[in-house]
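Undergrad: model the structure of this input:
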Amino acid sequence: MDVRDAVESDVETLGAIADLPADALRNVVHDRTVRVAERQTTDTESHTDAHDETNRLTTSGEQTGNEADESTAEESNENKPDIIGFVAFDVRDGTVHVTQLAGEATIAETLLSEPIRFAATEGFDVEFVVPMSEENATAAAENAGFEPIGRGPRFGDETTTRYRFDAE
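TA: Predicted coordinates for the structure are as follows:
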């Protein structure tokens, strides 16, 4: 897994991961620090997988005409990174605030190291408000060393827990 800065061309994927409108994520990418985790495949793995799929389709007689062209286009897209999670954060009043976190618990935990590293460099703490239904985010926060410090604000009908990481 590689972690990099998000760019505007990522917003559709980020929206799909977080189940949020792409326009909302576009603003997040522009206004906050957003880091994405991507699963990388080697060119050899991508080529082998695409070649195997092409052979399967050709052998079974399913691929004809335009389908061959589509397969070639898909092969060129297979080298694109696969975004598997992201974290967004900003700084207010001397505290780093995690505003979004998405991905499986282990990926989310890795992504939380980004705002923690920033906070440690700047001498800030990190806060993160997690809705009760977001089990991956809860597990990631606790595994990354965040401590629950009480209830957070309600998001609609959902209760939240406020977490803090003392980076000093």
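Undergrad: in the chain, which spans are helices?
TA: 11-18, 22-31, 43-60, 66-77, 105-122, 135-143 (DSSP state H).
Undergrad: now do the domain split for the protein, please.
TA: 2-39+82-165, 43-77 (automatic domain parsing).
Undergrad: which of those is buried the deepest?
TA: Most buried of those, by mean neighbour count (mean count of other C-beta atoms under 10 Å): domain 2-39+82-165, with a mean of 17. Placement of C-beta: from N, CA and C, glycine included.
Undergrad: circling back: export the domains of the chain to JSON lines and tack on mean pLDDT?
TA: Below are the domains of the chain laid out as JSON lines (pLDDT from 0 to 100):
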{"stretch": "domain 2-39+82-165", "mean pLDDT": "95"}
{"stretch": "domain 43-77", "mean pLDDT": "46"}
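Undergrad: what bridges to the residue positioned nearest the centre of the chain?
TA: With distances taken as C-alpha atoms, centre = their mean, residue 85 lies nearest the centre of the chain, 1.7 Å away. Taking DSSP bridges, one obtains residue 37, residue 103 as the residues bridged to residue 85.
Undergrad: what do you get for residue 160?
TA: residue 131.
Undergrad: test my guess that it contacts residue 152.
TA: Yes: with contact defined as C-beta atoms under 8 Å, residue 160 counts as touching residue 152 (3.6 Å).
Undergrad: ok, the nearest residue to residue 111 once chain neighbours are set aside - contacts?
TA: Closest residue to residue 111 apart from its sequence neighbours, by C-beta to C-beta, 6 or more residues apart in numbering: residue 87 at 4.0 Å. Residue 87 makes contacts with 34, 35, 98, 100, 101, 102, 108, 111, 112, 114, 115, as judged by C-beta atoms under 8 Å, 6 or more residues apart in numbering.
Undergrad: any idea how far residue 87 lies from residue 142?
TA: 16 Å (C-beta to C-beta, to the nearest Å).
Undergrad: equivalent analysis for residue 130, please.
TA: 10 Å.
Undergrad: overlap of the contact sets of these two?
TA: With C-beta under 8 Å, 6+ apart, residue 130 and residue 142 have common neighbours residue 163.
Undergrad: quick one: contacts of stretch 110-128?
TA: Contacts for stretch 110-128 (C-beta under 8 Å, 6+ apart): 1, 3, 33, 35, 37, 85-87, 89, 91, 94-98, 101, 103, 137, 140-141, 144-146, 162-168.
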